[in-house]
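Engineer: could you work out the structure for the sequence below:
(one chain, ligands or ions: 3)
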Amino acid sequence: MHVAIIMDGNGRWAARRGLPRTAGHAQGAKAVRRIVEAAARAGIETLTLYAFSCDNWGRPAGEVAALLRLLRRYLLGETRYCAENRVRVNVIGRRDRLSPDLLRAIEFSERTTAKGSRLHLRIAVDYSARHSILQTARRALSGDASGEEMEFLRLMDEVNHSTLATEGVDLLIRTGGEKRLSDFLLWECAYAELYFTDCLWPDFDANGLDQALHDYAGRQRRFGRLPDAVDAAL
Ligand code: IPE
Ligand code: IPE
Ligand code: MG
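Structural biologist: Ligands and ions are numbered 1, 2, ... in the order given. So this is what the prediction gives:
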């Protein structure tokens, strides 16, 4: 099962407490640790978290710097836990605009956790789904790609620095109350079940994840077919 989460609401969490937005991001990083643990326990195979979008570069420089600093600290601080708990870390998105420090932390984390087989944790950083689809299309057109969908997906993984033959998202969760995708995994969410909660990301916990999984378990996925045909195919 592939679960993807748009971790939204850090700024509002902080504002409600009269704190700077960056305090919300720091609290959000703690929620990431909780949810990674809970996801592994729940038997989720792949968890993709939206940490920083290409459009987030448009925020004030101080907030951008704080977010990227937190991310680096998270990678350096959590790599050991991930390695010990068989969590494989993979950062997806663009790498051409990240600082050498952050790139080193990403490479360290990916290398150290490469053997993890329990949970595949993908963190989207400087990520834009439209950018990744466009880049993939450019490569597919310029090379001798066969035109098969699998080949396209393999190229998309290359563009995203992902190590997954891009599989579909089963459940997409967005915290923070907004009901939009904000350029996250547009291709992979073609048949994703969508779950929106008003809970702000820093408050999201194992219980919240359980509720989302429970809701998902009650959905009937049809993939354009009739229910009986889907049952027979699975
Ligand atoms: C999500 O929280 C974190 C990132 C986008 C990096 P926000 O910072 O978007 O929080 P709100 O939406 O302003 O509350
Ligand atoms: C989406 O949240 C990006 C991340 C959670 C990293 P935003 O807060 O940036 O999205 P919009 O601006 O509400 O669409
Ligand atoms: Mg937001």
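
Engineer: is any residue of the longest helix seen in the chain near ligand 2?
Structural biologist: Ranked by residue count under DSSP state H, the longest helix found in the chain is helix 61-84. No - contact of helix 61-84 with ligand 2 (Cβ under 6 Å from any ligand atom) is absent, the minimum separation being 8.6 Å. Where C-beta positions appear, they are placed from N, C-alpha and C, glycine not excepted.

Engineer: average pLDDT for that helix?
Structural biologist: Averaged across helix 61-84, the pLDDT comes to 98.

Engineer: contact partners for the residue of the chain found nearest ligand 1?
Structural biologist: Relative to ligand 1, the nearest point of the chain is G11 (2.7 Å; Cβ to the nearest ligand atom). Residues near G11 by Cβ atoms under 8 Å, 6 or more residues apart in numbering: R21, G24.

Engineer: SS state for whichever residue of the chain sits closest to ligand 2?
Structural biologist: For the chain and ligand 2, the shortest gap (Cβ to the nearest ligand atom) falls at S182, measuring 3.7 Å. What DSSP: H, G, I helix; E, B strand; the rest coil gives for S182 is coil.

Engineer: just read off the phi/psi values of the nearest residue to L200 once chain neighbours are set aside.
Structural biologist: Spatially, and ignoring its direct neighbours in sequence, L200 is nearest to G9 (3.3 Å; Cβ to Cβ, 6 or more residues apart in numbering). For G9, the backbone dihedrals (degrees, to the nearest 10) come out as phi 120, psi 10.

Engineer: quick check: G9 touching G176?
Structural biologist: Yes - G9 is in contact with G176 according to Cβ atoms under 8 Å; the separation is 3.0 Å.

Engineer: how about the residues of this protein by ligand 1?
Structural biologist: Residues of the chain lying near ligand 1 by Cβ under 6 Å from any ligand atom: M7, D8, G9, N10, G11, R12, F52, N56, L67, G176.

Engineer: I'd guessed the second one sits against K179; true?
Structural biologist: No - no contact is recorded between D8 and K179 when judged using Cβ under 8 Å, the distance being 10.7 Å.

Engineer: which of the two has more neighbours?
Structural biologist: For D8 versus K179, neighbours defined as other Cβ atoms under 10 Å are more numerous around D8 (21 against 7).

Engineer: tell me the SS of the more buried one?
Structural biologist: At D8 the chain is in coil, as set by three-state DSSP.

Engineer: quick one on the thing from earlier: can you tell me the element the residue of the chain closest to ligand 1 falls in?
Structural biologist: helix 10-16 (DSSP states H and E).

Engineer: report the buried residues of that helix.
Structural biologist: The neighbour-count check on helix 10-16 (16 or more other Cβ atoms under 10 Å) flags N10, G11, R12, W13, A14 as buried.

Engineer: quick one: the last one and A66 touch, right?
Structural biologist: In other words, A14. No - judged on Cβ under 8 Å, A14 makes no contact with A66 at a distance of 11.4 Å.

Engineer: overlap in contacts of the two?
Structural biologist: Contacts common to A14 and A66, judged by Cβ under 8 Å, 6+ apart, are T22, H25.

Engineer: fine by me, we can end here.
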